[in-house]
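Q: here's my sequence, what's the structure:
(one chain, ligands or ions: 1)
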Amino acid sequence: MNLPLYFDYASTTPVRSEVLDKMLPYFSTLYGNAGSNLHHYGWLAQEAIDLSRNQIADYFNVKPSSIIYTSGATESNNLAIKGYLKGKSKGHLITSTIEHKAVLEIFGQLENEGYAVTYLSPDEEGQITKDNLKSAIQIDTVLVSLMMVNNEIGTISDYVAFKNICDSHAICFHSDATQAIGKIQLDFTCLPHLMSFSGHKIYAPKGIGGLLVNNNINISPIFDGGGQERGIRSGTLPVPLIVGLGYAFTFIPEILSFEDSLLRFSHRIKEALLNSFKNNILINAKSPSNISSILSISVHGVHWEDLFNSLTTIAISNGSACNVKATNPSHVLTALGHPRDLALSTLRISLSYLTTEKDIDFLIHYLQEKLDKLLA
Ligand code: PMP
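A: Numbering: from 1, shown residues only. Here you go, the predicted model:
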């Protein structure tokens, strides 16, 4: 057992060994630039990229040309939202208060530039409802951005309904699907017009991701350069990372088949903690339809610093690992109505197909022992 034991898979995942093996030659012997189209090295790089693009497109059941490689979901969100709006007259925009910072910060910037933005609030279970969306739509609404799975509380959004509502009003629908890919079975018949995803959440490397661009949607580049990726995203393509991303997609069906054990693990953790600490534990967004691999648990009656200082043998997050200012309470938990102290005393435990029964035994025992002391 490797200690501290890792329960932070929503933050990042290890690169799968088969994926790493596929990538390695592209760092050493197969080092061509796919843009060098006059020689063998360049051709091999281009072939590897074509294969990866097909692997991703096959998974989503879309045309390969709809996949644009980026450096990760942060860039994909920026490209989707800013690239869609660029050159158009300023319309009304809709997003939610529980988006990742990689979406919220973009809308904050757009507001500064004079766009009108409506921020939808979740209900007490952390859900943005379709009625909520419908009633926010205005005559000049041009773009809706609502995430598919929340990275802190694991809620799954009704993205199919959102897409249909947007279609019926001719509005572009973007979804940050970073935490959905490899965690939920997607409805491939009703994917968002623009969809962001990231390699390092699906056992591919950090620094690579993509944007799915539905064929009817026009995206302008947000920076200038050599015109790679159909002119939408310039920059020499990172061939080894792209090879890893495409290959990682081929393992998603296998990863999804672990759902039953993740559900069982998540039940075991919740049940054990509720049995022992009923008056001090709050399971956030506890609808059974949430993903089973993200558990958000707030603890009453202990200062958050004491809580996290004592949990040193397990690797977990407080809310979201993506927020560098750890002393700010999570905006997602605040949107659910949590006061600052409770939001700060929140554990995000995230599981993976790599998590074992033994890991769960250890985690439950460890949390019981530590919380017993802290709450005594
Ligand atoms: N969106 C969501 C929902 C995320 O969970 C993350 C990563 N924490 C990001 C965006 C940012 O992704 P990346 O690290 O690939 O930029």
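Q: what residues does the stretch 101-250 of the chain have near the ligand?
A: Contacts of the stretch 101-250 of the chain with the ligand, taken as Cβ under 6 Å from any ligand atom, map to A102, M147, N151, D176, T178, Q179, S198, G209. (Each C-beta comes from the backbone N, C-alpha and C, glycine too.)
Q: okay, the last one and R233: tell me how far apart.
A: Here the criterion is Cβ to Cβ, to the nearest Å. By it, G209 lies 11 Å from R233.
Q: so if I had to pick from the two, which one is more boxed in?
A: Set G209 next to R233 and count neighbours by other Cβ atoms under 10 Å: G209 wins out with 27 against 24.
Q: so that one touches S71, yeah?
A: Yes - between G209 and S71 a contact is recorded at 6.5 Å, counting by Cβ atoms under 8 Å.
Q: give me the secondary structure label for S175.
A: Here S175 is recorded as strand under DSSP: H, G, I helix; E, B strand; the rest coil.
Q: the residue nearest to P329 when sequence neighbours are not counted - how many residues pack around it?
A: Excluding its sequence neighbours, the residue lying closest to P329 (Cβ to Cβ, 6 or more residues apart in numbering) is A343, at 3.6 Å. Residues lying near A343 (other Cβ under 10 Å) number 23.
Q: contacts only, for A343.
A: S298, G319, P329, S330, L333, T334 (Cβ atoms under 8 Å, 6 or more residues apart in numbering).
Q: which SSE is it in?
A: helix 340-344 (DSSP states H and E).
Q: now do the helices in the stretch 101-250 of the chain.
A: 101-112, 130-136, 159-168, 239-250 (DSSP state H, counting those that start in this stretch).
Q: just say which of these is most tucked in.
A: Most buried of the helices of the stretch 101-250 of the chain by mean neighbour count (mean count of other Cβ atoms under 10 Å) is helix 239-250; its value is a mean of 25.
Q: tell me which other helices or strands that one touches.
A: Counting contacts by 3 or more Cβ pairs under 8 Å, 6 or more residues apart in numbering; DSSP states H and E, helix 239-250 is packed against helix 17-23, helix 40-60.
Q: which residues sit against that helix?
A: Outside of helix 239-250, the residues within contact range by Cβ under 8 Å, 6+ apart are 15-16, 18-20, 22-24, 26-27, 30-34, 45, 48-49, 51-56, 58-59, 69, 199, 202-205, 207-210.
Q: ChimeraX command to pick out the buried ones of those?
A: If you want just the buried ones from those in ChimeraX, going by 16 or more other Cβ atoms under 10 Å, the selection is:
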select :15,16,19,20,22,23,26,30,32,34,45,48,49,52,53,55,56,59,69,199,202,203,204,205,207,208,209,210
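Q: how about P329, secondary structure?
A: Secondary structure, three-state DSSP: P329 is coil.
Q: ok, now how distant is it from V149?
A: P329 sits 21 Å away from V149 when distances are taken as Cβ to Cβ.
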